[in-house]
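J.: Give me a 3D structure for the following:
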Amino acid sequence: MSDVLSALIPPGVVAAVVIAAVVKLMRSEGAGRREAAEPQEKSEPSG
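T.: As a prediction, the model looks like this:
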């Protein structure tokens, strides 16, 4: 059992790191687009 577990740990760690990197990238890209969209909405004429 420990042989199987020790064989699966490295790919599991790599998969977790890749998933975390993708999530972080998606969040940062989404936040950048939201910040860029806000000034356009606020710059509408009020009068």
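J.: so where's the protein uncertain?
T.: Along the chain, segments meeting pLDDT under 70 span 33-47.
J.: ok, now with 80
T.: Within the chain, the ranges that satisfy pLDDT under 80 run 31-47.
J.: just the helices in it please.
T.: All helices of the chain, identified by DSSP state H, fall at 2-42.
J.: count of neighbours near V23?
T.: Counted by other Cβ atoms under 10 Å, the residues lying close to V23 total 10. Any C-beta I mention is one placed from the backbone N, CA and C, and that applies to glycine too.
J.: Kindly report the same for L25.
T.: Neighbour tally, L25, other Cβ under 10 Å: 10.
J.: cool, A15 as well?
T.: 10.
J.: how near is it to L8?
T.: Distance of A15 to L8, given as Cβ to Cβ, to the nearest Å: 10 Å.
J.: Pull the contacting residues for D3.
T.: Shown in contact with D3 (Cβ atoms under 8 Å, 6 or more residues apart in numbering): no residues.
J.: what's the spacing between it and P10?
T.: According to Cβ to Cβ, D3 stands 13 Å off from P10.
J.: same deal with M26?
T.: 25 Å.
J.: cool, A16 as well?
T.: 11 Å.
J.: likewise I19?
T.: With distances taken as Cβ to Cβ, I19 is found 15 Å from P10.
J.: Could I have the CA atoms of stretch 19-28 written out in PDB?
T.: The C-alpha coordinates for stretch 19-28 follow below in PDB (Å, rounded to 0.1, in the frame of the first residue of the first chain):
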ATOM      1  CA  ILE A  19      -4.500  23.600 -10.700                       C
ATOM      2  CA  ALA A  20      -3.600  26.300  -8.200                       C
ATOM      3  CA  ALA A  21      -1.600  28.200 -10.800                       C
ATOM      4  CA  VAL A  22      -4.500  28.100 -13.300                       C
ATOM      5  CA  VAL A  23      -6.900  29.300 -10.600                       C
ATOM      6  CA  LYS A  24      -4.600  32.100  -9.600                       C
ATOM      7  CA  LEU A  25      -4.100  33.200 -13.200                       C
ATOM      8  CA  MET A  26      -7.900  33.100 -13.900                       C
ATOM      9  CA  ARG A  27      -8.600  35.200 -10.800                       C
ATOM     10  CA  SER A  28      -5.900  37.800 -11.700                       C
END
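J.: No further questions, thank you.
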